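*Asks:* can't give you the sequence, but here's the structure:
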Ligand SMILES: Cc1cc2nc3c(=O)[nH]c(=O)nc-3n(C[C@H](O)[C@H](O)[C@H](O)COP(=O)(O)OP(=O)(O)OC[C@H]3O[C@@H](n4cnc5c(N)ncnc54)[C@H](O)[C@@H]3O)c2cc1C
């Protein structure tokens, strides 16, 4: 392979470019990016950046010299709009065509928006540095903030806003947030963190509408009829993978770009990594997307190896892992909570917000969750059953 384009110049794309060079690819390397910023880290956007503890420079994924070392051509601020099915060329918004032998798709995901809220000032989603800068600018200690969606990003935003002195309410349509990911008892433990810190919650109720006056949000009306006044509304109701530009590619697109267990798509010269990749999981028997930092950095290794080999010779070894920092607590989770798995607190106490939980299924440890127990979590994580192995 003499030329490869990486589409999406952020965490997974940058990691793929590093892997390409580290694994000996000496040909032409092109990075295409929608954003104009050099690759940066997103997790601090809802945490230290929103709190004003770090600035944009501190988020850079690499020094300028690291980027230079890639000896890549950077085409940024110019999104890919099409991947040609006939000749494999990537077309950019500017009209430029990038003709290459191989492609790594790393276009990530975009937050879902509430329909009908376009053009209303004070309504935010949080994915990019620019989103975070806009939100930070608007937050004052007097702000009344409503966070819609109590997943991890919503919870982190609520935590940061409350730390900044804002009056915060979190709204979640599900009876308990994160219940599918963590199971009932542990989802309840996460939900209680809000109340511990004076943040109001409204769970099990949907949003009926956004209230506004003169183009500025003034509140949120719930399906129960309750109206929550707000100067700032943050919508954290999940993301959709950025696959629109692949409509004509002939690749299988479902919830993301369908690929095998080694990150290779329907075509052996096209790989997909990070939040956009829907990866087949042989031990689960189905394909999933992972929206976590660790997967975006781990997947490129095998995907690049397979791309350069021209066939899948290695599977990902990326047991799902994520962390979240909320209200001064570090939450860590690894594994997959399979249907029927039972949660058991094995160290510490939920009441103290310091504990380690095992999820066990048919005698196997399939997942672990920790609150403020990083060492115990690290040990337990290594014991998670790999397919075919039984936990000690
Ligand atoms: C606020 C926030 C906090 C987070 N906190 C945590 C955390 O605490 N722990 C954790 O595990 N994970 C966290 N995550 C998730 C983690 O950051 C993501 O999983 C990771 O960024 C995924 O990397 P990616 O490169 O696949 O996608 P992205 O980071 O989304 O990068 C994709 C890039 O592709 C670009 N792009 C999109 N379409 C095109 C196109 N057509 N052409 C060219 N470029 C395009 C995008 O603009 C973007 O720059 C957080 C995410 C956010 C947003």
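*Replies:* Yes, it's here. Predicted model, so just to flag it, every value in this text is computed and none were measured.
*Asks:* now residue 75: closest residue in space that isn't a chain neighbour?
*Replies:* If the residues on either side of it in the chain are set aside, residue 75 comes closest to residue 32, at 4.8 Å by Cβ to Cβ, 6 or more residues apart in numbering. Quick note: C-beta positions are derived from backbone N, CA and C, even for glycine.
*Asks:* quick check: which ranges of the stretch 251-392 of the chain have low pLDDT?
*Replies:* Regions of the stretch 251-392 of the chain meeting the criterion pLDDT under 70 cover residues 385-392.
*Asks:* how about the residues of it near the ligand?
*Replies:* For the stretch 251-392 of the chain, the residues in contact with the ligand under the definition Cβ under 6 Å from any ligand atom are 274-276, 291-294, 296, 322-324.
*Asks:* could you find the closest non-adjacent residue to the residue of the stretch 151-300 of the chain found nearest the ligand?
*Replies:* The nearest approach of the stretch 151-300 of the chain to the ligand comes at residue 274, 2.2 Å away (Cβ to the nearest ligand atom). Nearest in space to residue 274, with sequence neighbours left out and distances taken as Cβ to Cβ, 6+ apart, is residue 12 at 2.7 Å.
*Asks:* next one: residue 189
*Replies:* Nearest residue to residue 189, sequence neighbours excluded (Cβ to Cβ, 6+ apart): residue 350, at 5.1 Å.
*Asks:* list the contacts of residue 61.
*Replies:* Residues in contact with residue 61 (Cβ atoms under 8 Å, 6 or more residues apart in numbering) are 10-11, 14, 38-41.
*Asks:* one more: residue 112?
*Replies:* With contact taken as Cβ under 8 Å, 6+ apart, residue 112 is in contact with 125, 235, 237-240.
*Asks:* determine which two of those are furthest apart.
*Replies:* 235 and 240 (13.2 Å; Cβ to Cβ).
*Asks:* which one's more surrounded, these two?
*Replies:* In this comparison of residue 235 against residue 240, neighbours counted by other Cβ atoms under 10 Å, the higher total goes to residue 235 at 23 against 14.
*Asks:* re the thing from before, residues near the residue nearest to residue 189, how many?
*Replies:* For residue 350, the neighbour count with other Cβ under 10 Å is 15.
*Asks:* next: the one 3 residues further on.
*Replies:* For residue 353, the count of nearby residues is 17 (other Cβ under 10 Å).
*Asks:* what are the phi and psi values for it?
*Replies:* The phi/psi pair for residue 353 (degrees, to the nearest 10) reads phi 60, psi 30.
*Asks:* same deal with residue 231?
*Replies:* Taking degrees, to the nearest 10 as the convention, residue 231 sits at phi -100, psi -30.
*Asks:* one more: residue 303?
*Replies:* In this entry, residue 303 is assigned phi and psi values of phi -60, psi -40 (degrees, to the nearest 10).
*Asks:* let me know the pLDDT of the residue of the stretch 51-200 of the chain found nearest the ligand.
*Replies:* Here the residue of the stretch 51-200 of the chain nearest the ligand is residue 108; by Cβ to the nearest ligand atom that distance is 2.2 Å. Confidence per residue is given as pLDDT, and for residue 108 that number is 98.
*Asks:* sorry, back to before: now that we have the residues of the stretch 251-392 of the chain next to the ligand, which of them are buried?
*Replies:* 274-276, 291-293, 296, 322-324 (16 or more other Cβ atoms under 10 Å).
*Asks:* dump these to JSON lines, plus secondary structure and distance to residue 81.
*Replies:* Below are these laid out as JSON lines (DSSP: H, G, I helix; E, B strand; the rest coil; distance: Cβ to Cβ, whole Å):
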{"residue": "274", "secondary structure": "helix", "distance to residue 81": "20"}
{"residue": "275", "secondary structure": "helix", "distance to residue 81": "19"}
{"residue": "276", "secondary structure": "helix", "distance to residue 81": "15"}
{"residue": "291", "secondary structure": "coil", "distance to residue 81": "24"}
{"residue": "292", "secondary structure": "coil", "distance to residue 81": "28"}
{"residue": "293", "secondary structure": "helix", "distance to residue 81": "27"}
{"residue": "296", "secondary structure": "helix", "distance to residue 81": "23"}
{"residue": "322", "secondary structure": "strand", "distance to residue 81": "31"}
{"residue": "323", "secondary structure": "strand", "distance to residue 81": "35"}
{"residue": "324", "secondary structure": "strand", "distance to residue 81": "34"}
